[in-house]
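Q: with the sequence up front, the predicted model follows.
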Amino acid sequence: HTNHIHKPHTQTTQSTQSTQSTLSLIKHALKHIDTSNTAEERREERKMGFVEGEKVTLVKLTKASQYNGKKAFIAGEKKDGRWPVRVVETQKLLNVRDQNLSRRKPQHMEQTASFTVAHTTSTTSTTSTS
């Protein structure tokens, strides 16, 4: 016959209580996490890359370096590792790799930023006159 080692019952109860309190903390934390965009969805978006019509800036181009810094938009789906983009200024269609595209901020973001700068400048210039 084999000898069974028995742990005191109190230790088991304590570890169960500890586990339950940890679980309730995790559940509480999960309620407050914004799950509108799950990690899986974000990975999927990165895999897809850009969407048609998305505004981009051309960067680090070597063969067509004259287009660096130019605004463009995605003109279709990725094909053979390149995105068809239309240069806003010239309407020229280029096929560009991911690393040569940089996302542009939405228009309202740019306006907000310039407004903030203008607003701060005007406030500082109105110093008290004696």
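A: It's in.

Q: when you work out contacts or count neighbours from here on, use the C-alpha atoms and nothing else.
A: Noted.

Q: for the helix or strand residue 19 falls within, the averaged confidence score.
A: Element membership of residue 19 [criterion: DSSP states H and E] is helix 9-31. Averaged across helix 9-31, pLDDT comes to 72.

Q: please shift the residue numbers so they start at 26 in all later answers.
A: Will do, 26 is the new start, and the previous item becomes helix 34-56.

Q: residues of it that come out buried?
A: Along helix 34-56, no position meets the burial threshold by neighbour count (16 or more other CA atoms under 10 Å).

Q: go on, stretch 96-111?
A: Buried, per 16+ other CA under 10 Å, within stretch 96-111: 96, 97, 98, 99, 100, 103, 108, 109, 110, 111.

Q: one step back: just the C-alphas of the helix holding residue 44, formatted as CSV.
A: C-alpha atoms of helix 34-56 as CSV (Å, rounded to 0.1, in the frame of the first residue of the first chain):
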residue,chain,number,x,y,z
HIS,A,34,-7.1,21.8,3.8
THR,A,35,-6.6,25.5,4.7
GLN,A,36,-3.8,26.0,2.1
THR,A,37,-6.1,24.8,-0.7
THR,A,38,-8.9,27.1,0.4
GLN,A,39,-6.5,30.1,0.5
SER,A,40,-5.1,29.4,-3.0
THR,A,41,-8.6,29.0,-4.3
GLN,A,42,-9.7,32.3,-2.8
SER,A,43,-6.6,33.9,-4.2
THR,A,44,-7.3,32.5,-7.7
GLN,A,45,-10.9,33.7,-7.5
SER,A,46,-9.9,37.2,-6.5
THR,A,47,-7.4,37.4,-9.3
LEU,A,48,-10.0,36.2,-11.8
SER,A,49,-12.5,38.8,-10.5
LEU,A,50,-9.8,41.5,-11.0
ILE,A,51,-9.2,40.4,-14.5
LYS,A,52,-12.9,40.3,-15.3
HIS,A,53,-13.3,43.8,-13.9
ALA,A,54,-10.3,45.1,-16.0
LEU,A,55,-11.7,43.5,-19.1
LYS,A,56,-15.0,45.4,-18.8
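
Q: circling back to that earlier point, which of the buried residues of stretch 96-111 sits closest to residue 41?
A: The shortest approach to residue 41 among the buried residues of stretch 96-111 belongs to residue 103, at 52.9 Å (CA to CA).
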